[in-house]
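Enquirer: Need coordinates for the following:
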Amino acid sequence: MSVRLSSDEAWAMVEASHTGIFTSLRRDGMPIASPIWFVVLDRRIYVSGPVTAKRVARVRRDPRVSFLVESGKSWAELRAVHLTGRARVATEPDLLVRVAAALDVKYARFRTQRSAMPAATRVVRATAPATRSTANHGEQERRKNRVRALRIPL
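Expert: Purely as a prediction, here's the structure:
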């Protein structure tokens with residue numbers, strides 16, 4: 001029995017995992033790791049969040065990232081997949097729709113109702129950006145701050 005997982009086994013484990021650990025780099029090079037919900041589409045990992053999230057700024061500044069999923073409680077059961085690569089902020093409308101739909105399918109039953117969330121933890125949901133022009137600067141600012149998906153082609 002090999003200690004290493006095959007590529008197919010590794011991707012199956014990643015896809016089946018509930019939460020991943022996403023690591024990006026601060027300006028000073030210090031790694032910042034955080035748990036995050038994600039989906040796998042075409043053997044690429046996608047996470048989502050507000051365009052104003054610090055992880056988005058870190059990826060824009062330095063695209064080097066890592067991603068980890070693990071499982072097992074006893075030593076004999078421990079398994080992990082650790083991926084490293086370069087992420088980018090995805091902006092393609094059709095891709096954003098696919099990512100949002102996949103995240104909804106995977107996590108719908110785990111989401112907390114907005115009314116039950118403390119105001120400080122409320123977040124914007126992933127949606128495809130609207131394609132219309134407006135002279136309303138407030139609307140432009142809101143549209144600019146919509147969620148974008150981070151694509152991690154590992």
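Enquirer: what about Arg109, which SS state?
Expert: Using DSSP: H, G, I helix; E, B strand; the rest coil, the secondary structure recorded for Arg109 is helix.
Enquirer: Quote the end-to-end distance of stretch 24-37.
Expert: Stretch 24-37 has its terminal residues 15 Å apart, counting by C-alpha to C-alpha, to the nearest Å.
Enquirer: So for that stretch, mean pLDDT?
Expert: On average, the pLDDT along stretch 24-37 is 95.
Enquirer: which residues make contact with that stretch from outside it?
Expert: In this structure, residues lying in contact with stretch 24-37 by C-beta atoms under 8 Å, 6 or more residues apart in numbering are 18-23, 47-49, 54-55, 58-59, 61-62, 64-66, 68, 87, 103, 106-107. (Each C-beta comes from the backbone N, C-alpha and C, glycine too.)
Enquirer: rerun that using 10 Å as the cut-off
Expert: 18-23, 45, 47-49, 53-68, 87, 103, 106-107, 110-111, 150 (C-beta atoms under 10 Å, 6 or more residues apart in numbering).
Enquirer: Tell me the buried residues within those.
Expert: Neighbour counting with 16 or more other C-beta atoms under 10 Å marks 20, 22-23, 45, 47-49, 53, 55-56, 58-59, 63, 65-68, 87, 103, 150 as buried within the contacts of stretch 24-37.
Enquirer: so how far is Lys73 from Val81?
Expert: 17 Å (C-beta to C-beta, to the nearest Å).
Enquirer: who has more neighbours, the two?
Expert: Between Val81 and Lys73, Val81 has the larger neighbour count (other C-beta atoms under 10 Å), namely 19 against 7.
Enquirer: so where is the protein shaky, pLDDT-wise?
Expert: Counting by pLDDT under 70, the chain shows low-confidence ranges at 1-2, 117-154.
Enquirer: now the helices for it?
Expert: In order along the chain, the chain carries the following helices (DSSP state H): 7-16, 54-61, 93-107, 137-144.
Enquirer: between those helices, which gets nearest to Val40?
Expert: Val40 sits nearest to helix 7-16 of all the helices of the chain, at 4.7 Å, using C-beta to C-beta.
Enquirer: helices and strands around the closest one, which ones?
Expert: The contact analysis (3 or more C-beta pairs under 10 Å, 6 or more residues apart in numbering; DSSP states H and E) places helix 7-16 against strand 39-41, strand 44-49, strand 64-71, strand 79-86.
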